[in-house]
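Colleague: prediction below, plus the sequence it came from.
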Amino acid sequence: MKPATLLAPLAPALPRTRVADYLELTKPRIAVLVLFTVAAGAVLAAGGSVHVPVLLHTLLGTGLVAAGASALNQLLERDSDAWMRRTENRPLPAGRLHPLEVLVFGCGLGTTGIVYLAVTLQRPWAAVIAAVTFVSYVAIYTPLKRRTPLNTLVGAVPGALPPLIGWTAVRGTLDPEALALFFIVFLWQVPHFLAIAWIYRDEYARARLRMLPVLDPDGARTGRQMLTYCLALVPASLAPVVFSNAGIVYLAGAVLLGAFFLVRAAGFTRDRTAAQARRVLRGSLVYLPALFALLVFDGVMHSWWK
């Protein structure tokens, strides 16, 4: 039987270990991708260039919000994390940090990030969207993982909001171009997270998390959803061509990347194995950064040629 994490002792005073544990609470790898999309939104809103102080303030504030949300996510999921091999050594289920200190840490970071955005930026929408992202991720998405497989769709909303933080930090308005970025990230997340859930479906089942692959033993529904959202992602990724005058370089790249991701998803529908799910996962980790990099590159090139 797993130890009760509510009774976890305070961690011993080992500075390096504590620093590493607190860093792990912030999920740095996820934060990097989040901040990349924030920066992309800011650069695109500025027409290919951006005022550096605005960008730095936006990244710092959003980084604090993301770190706080990740810490509180681990706080709420400490018991389920204890049942999964991939997460059982996290600071809370392993008993190296106490829930109360993580609560203070997460709330402190999230609140500080939102206030920082509100104070340092002249565009209040950035702080508002950051607050919505924080609350919806922690208070809505995280609890729903125990209740319904629709949690993936719900969680895709806060996951798709960071580009809007970057956009509104520069322009202060929610324009069609910004909404196009939102829908690209929203649609991308579904096959990305379904691939992860399929790879670790046995662990999710043991932790009693209601992910779709846990409730879909043969993977047919999981494969259909992967394919459906990848198909929808292709036209969605072309929206910047319509709304923000993205050029031929972006258009060609978006089509090729969409076809690449679609082939990966189609492969899973034919052979629903962990190996194929990993191919989808790796494809997703290529697709989104490459697509946004192309979009930023295209925007920068347009600004140079004006």
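Modeller: Perfect, I can see it now.
Colleague: what's the closest non-adjacent residue to Phe182?
Modeller: Using CB to CB, 6 or more residues apart in numbering and skipping residues adjacent in sequence, the residue nearest Phe182 is Ala160, 4.8 Å away. Backbone N, C-alpha and C define where each C-beta goes, glycine included.
Colleague: okay, and the residue nearest to Ala46 when sequence neighbours are not counted sits in which element?
Modeller: Using CB to CB, 6+ apart and skipping residues adjacent in sequence, the residue nearest Ala46 is Val170, 5.0 Å away. Using DSSP states H and E, Val170 sits within helix 162-171.
Colleague: which positions within that helix qualify as buried?
Modeller: Across helix 162-171, burial judged by 16 or more other CB atoms under 10 Å covers 162-171.
Colleague: tilt between the helix or strand containing Ala178 and helix 162-171?
Modeller: Using DSSP H and E, Ala178 falls within helix 176-199. When axes from the mean of the first three to the mean of the last three CA atoms, to 10 degrees is applied, the directions of helix 176-199 and helix 162-171 differ by 160 degrees.
Colleague: now do helix 176-199, average pLDDT.
Modeller: Averaged across helix 176-199, pLDDT comes to 96.
Colleague: residues in contact with the residue nearest to Ala46?
Modeller: 42, 45-46, 50-51, 54, 123 (CB atoms under 8 Å, 6 or more residues apart in numbering).
Colleague: mind giving me the PyMOL select for these, buried ones only?
Modeller: Filtering the contacts of Val170 down to the buried ones (16+ other CB under 10 Å) takes a single PyMOL command:
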select buried, resi 42+45+46+50+54+123
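Colleague: ok, the contacts of Val170 vs Ala82, which is closest?
Modeller: Nearest to Ala82 among the contacts of Val170, counting by CB to CB, is Ala42 at 38.6 Å.
Colleague: quick one: that closest one from Leu56, how far?
Modeller: 10 Å (CB to CB, to the nearest Å).
Colleague: what touches both of the two?
Modeller: With CB under 8 Å, 6+ apart as the test, Ala42 and Leu56 reach no residue in common.
Colleague: so what pLDDT did His302 get?
Modeller: 59.
Colleague: then Pro15?
Modeller: 48.
Colleague: quick revisit: residues touching the residue nearest to Phe182, list them.
Modeller: 182-186, 189.
Colleague: out of those residues, who's the most crowded?
Modeller: In terms of neighbours by other CB atoms under 10 Å, the contacts of Ala160 top out with Val185 at 27 neighbours.
Colleague: for the residue most central in space within the chain, phi and psi?
Modeller: With distances taken as CA atoms, centre = their mean, the residue of the chain nearest its centroid is Gly159 (4.3 Å). With angles defined as degrees, to the nearest 10, Gly159 shows backbone torsions of phi -70, psi -20.
Colleague: and it, how far from Gly283?
Modeller: 18 Å.
Colleague: and for Glu88?
Modeller: For Glu88, the distance to Gly283 - CB to CB - is 28 Å.
Colleague: go on, Val32?
Modeller: In terms of CB to CB, Val32 sits 18 Å off from Gly283.
Colleague: Pro149: what secondary structure?
Modeller: coil (DSSP: H, G, I helix; E, B strand; the rest coil).
Colleague: so it sits against Arg201, correct?
Modeller: No. With contact defined as CB atoms under 8 Å, Pro149 does not reach Arg201; the gap is 11.5 Å.
Colleague: identify the contacts common to those two.
Modeller: Common neighbours of Pro149 and Arg201 (CB under 8 Å, 6+ apart) are 211, 214.
Colleague: quick one: contacts for Arg270?
Modeller: Gln276.
Colleague: can you give me the end-to-end span of stretch 243-250?
Modeller: End-to-end distance of stretch 243-250 (CA to CA, to the nearest Å): 13 Å.
Colleague: show me where this protein has its strands.
Modeller: Read by DSSP state E, the chain holds no strands at all.
Colleague: quick check: which of the contacts of Val170 has the minimum pLDDT.
Modeller: Lowest confidence among these: Val50, with 77.
Colleague: re earlier: let's see the pLDDT reported for the residue nearest to Ala46.
Modeller: You'll see Val170 listed with a pLDDT of 94.
Colleague: separation between it and Ala178?
Modeller: Where Ala178 is concerned, Val170 sits at a distance of 10 Å (CB to CB).
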